[in-house]
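**Q** everything below, folded, please.
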Amino acid sequence: RSPGLEETDMARIIIIGGGIGGLSQAYELREALGKEHQVTLVSDSSRFEFTPSNPWVAVGWRSAKQITIDLPPVLDKHGVEFIPRAAARVHPESNQVELIDGDKLDYDYLVIATGPQLAFDEIPGLGPDGHTISICKTGHAETASLNFEELAKNPGPVVIGAAQGASCYGPAYEYAFIVDTELRKRKIRDQVKMVYVTPEPYIGHLGLDGVGDTKGLMESELRQRHISWITNAKIDEITKGRMQITEVNEDGADKKQHELEFKHAMILPAFKGVDAVLGIEGLVNPRGFINVDEFQRNPAFPNVYAVGVCVAIPPVAPTPLPVGTPKTGYMIESMVTAGSRNKQAAMQGREPDERATWNSLCLAGFRDSGVAFVALPQIPPRNTNWAARGKWVHVAKIGFEKYFLRKVRNGQTEPAYEKLVLKLMGVNKLKAEA
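**A** As a prediction, the model looks like this:
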């Protein structure tokens, strides 16, 4: 297809992924484009999961039903075609997406918003098919809640943290504090030794080289809750009830071996790209994450865009062990807004000019308290570098959970009240808005 579309042309836009990024992208494009253009969402699941609430599901503070939405009726209501089948392979050279059943879909523009593949296989014994639980998916969290109830009946050691190469540390800290809170509520915390393990070079690094004083804030929170920790931790192997860990020095050399016993263990895995894109030259980096320019476009295939966790972002700074950079929910939404406007420009034959701010707003709530941080932008150097804690954070996270689920049901991309609040905080999606 030519760089621009004639007014009479219909464009077919395919979005792969039904999470925060994919759904937001579908709604923004549907709202912005005329009905003559087709917006199609392809997903391996027929339900939307509000992933940030998965830690609460794992301890029974939420049910899966409370944080999931059936996609077919809401997408149909808002004029988005829905195909509930997994994408098996992307063929960017022929502008096609091959589905798991062999069907092929043609596209004019493609948005990859798949999220990551969970690399449990990179550590023996890691994950739901091994010896640890997961909170990465709502189904995983439901299974984790059963394991947690077994812990409550028969208390024992708990190990929580992240694997080397992980890029999402907030939920690991949040889950550790949530487990502590719930065990204290049940009057059995005194029977449970808790250890936090992480490849981060220091507590509160978060894959961001810290935000404000997250080092002091997180260390203080762990101490107050009697949770010990091991940083620069490389998990070697996990067997039933045991975790083998190598702690490394600042130069990456082995420093100390640890063997931790556990009855309940949750370790966030490293991420990699999904099989549908792995190994496609020009499209992805060696880990399978999508290469994008400042406009969310792939340089090799300019009609392919990407948003969310599947986007390739380099680490913020060298670390002894691999430590990835997180992509938080609001950062993903900023990618979505920029990508939407740049696709509209391309359809009209114009050059893209919108750049996402990649601002980060994160809320971790653990009922009796919570931690919040704002990094503007997420990648340093920053204009705003702020972190705080308090019970208000948990209340704020409940609010955002309810607001986002309402957004999904109503097909809204940014309600007026949210836009006003975030503007007052100085959090903008686009650099052009700043």
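**Q** tell me which element residue 152 falls in.
**A** Using DSSP states H and E, the element containing residue 152 is helix 138-153.
**Q** now swap in residue 358 and tell me
**A** Counting by DSSP H and E, residue 358 is part of no helix or strand.
**Q** and it, how close does it get to residue 328?
**A** 9 Å (CB to CB, to the nearest Å). Quick note: C-beta positions are derived from backbone N, CA and C, even for glycine.
**Q** for the two, list the residues in contact with both.
**A** residue 378 (CB atoms under 8 Å, 6 or more residues apart in numbering).
**Q** what's the burial count for residue 207?
**A** 24 (other CB atoms under 10 Å).
**Q** list the contacts of it.
**A** Applying CB under 8 Å, 6+ apart, the residues contacting residue 207 are 166-169, 200, 315-316, 323-326.
**Q** related to what we said a few turns ago, beyond the helix holding residue 152, next helix or strand please.
**A** strand 158-162.
**Q** OK, contacts around the residue nearest to residue 84 when sequence neighbours are not counted?
**A** Nearest residue to residue 84, sequence neighbours excluded (CB to CB, 6 or more residues apart in numbering): residue 46, at 4.6 Å. Contact partners of residue 46, counting by CB under 8 Å, 6+ apart, are 70-72, 84.
**Q** contacts for stretch 50-66?
**A** Outside stretch 50-66, the residues touching it (CB under 8 Å, 6+ apart) are 19-20, 67-68, 133, 135-142, 144-145, 148-149, 171, 174-175, 178-179, 182, 266, 329, 363, 365, 367, 397, 400-401, 404-405.
**Q** what does stretch 153-164 give?
**A** 122-123, 126, 151, 168-169, 172, 175-176, 179, 183, 188, 191-200, 233-235, 243, 260-270, 321-323.
**Q** at 7 Å what do you get?
**A** Applying CB atoms under 7 Å, 6 or more residues apart in numbering, the contact partners of stretch 153-164 are 123, 126, 169, 172, 175-176, 179, 188, 191-199, 234-235, 243, 260-270, 321-322.
**Q** and what of stretch 20-40?
**A** 10-16, 41, 43, 48, 78-81, 83, 111, 113, 307-308, 329, 332-333, 335-337, 339-340, 343-344, 408, 411, 413.
**Q** can you tell me which of those are buried?
**A** 11-16, 41, 43, 48, 78, 80, 83, 111, 113, 307-308, 329, 332-333, 335-337, 339-340, 343-344, 408, 411, 413 (16 or more other CB atoms under 10 Å).
**Q** what packs against the host helix or strand of residue 373?
**A** For residue 373, the host element (DSSP H and E) is strand 370-376. When contacts are defined as 3 or more CB pairs under 7 Å, 6 or more residues apart in numbering; DSSP states H and E, strand 370-376 packs onto strand 360-365, strand 384-389, helix 391-410.
**Q** need the winner for burial among those.
**A** strand 360-365 (a mean of 24; mean count of other CB atoms under 10 Å).
**Q** show the average pLDDT along that one.
**A** Throughout strand 360-365, pLDDT has a mean value of 83.
**Q** now stretch 207-215
**A** 91.
**Q** and for stretch 242-254?
**A** Here stretch 242-254 scores 97 as its mean pLDDT.
**Q** tell me how far the ends of that stretch are from each other?
**A** Length of stretch 242-254, first residue to last, CA to CA, to the nearest Å: 20 Å.
**Q** cool, and stretch 106-115?
**A** Using CA to CA, the end-to-end distance of stretch 106-115 comes to 22 Å.
**Q** for it, which positions count as buried?
**A** 107-115.
**Q** what does stretch 220-228 give?
**A** Applying 16+ other CB under 10 Å to stretch 220-228 flags 221-222, 225, 227 as buried.
**Q** what do you get for stretch 309-322?
**A** Quick answer for stretch 309-322 (16+ other CB under 10 Å): 309-313, 316, 319-321.
**Q** could you work out the end-to-end span of it for me?
**A** The straight-line separation of the ends of stretch 309-322 (CA to CA) is 17 Å.
**Q** what does that stretch contact?
**A** Under CB under 7 Å, 6+ apart, the answer for stretch 309-322 is 112-116, 164-165, 199, 201, 208-209, 232, 234, 248-252, 271, 273, 285, 289-292, 323-325, 327, 335, 379-380.
**Q** can we see that at 6 Å?
**A** For stretch 309-322, contacts defined as CB atoms under 6 Å, 6 or more residues apart in numbering pick out 112, 114-116, 164-165, 199, 201, 208-209, 232, 234, 248, 250, 252, 285, 289-292, 325, 327.
**Q** only the buried members of these: can you turn that into a ChimeraX selection?
**A** To isolate the buried members of the contacts of stretch 309-322 in ChimeraX, using 16+ other CB under 10 Å:
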select :112,114,115,116,164,165,199,201,208,209,232,234,248,289,290,291,292,325,327
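**Q** so which of the contacts of stretch 309-322 belong to strands?
**A** Using DSSP state E, the members of the contacts of stretch 309-322 that fall in strands are 112, 234, 248.
**Q** lowest pLDDT pick from the contacts of residue 207?
**A** Within these, pLDDT is lowest for residue 316, at 86.
**Q** picking up where we left off before, return the item of the buried residues of stretch 309-322 having minimum pLDDT.
**A** Lowest pLDDT within the buried residues of stretch 309-322 is found at residue 316 (86).
**Q** grab the nearest non-local neighbour of that one.
**A** Nearest to residue 316 is residue 209, by CB to CB, 6+ apart, at 4.9 Å.
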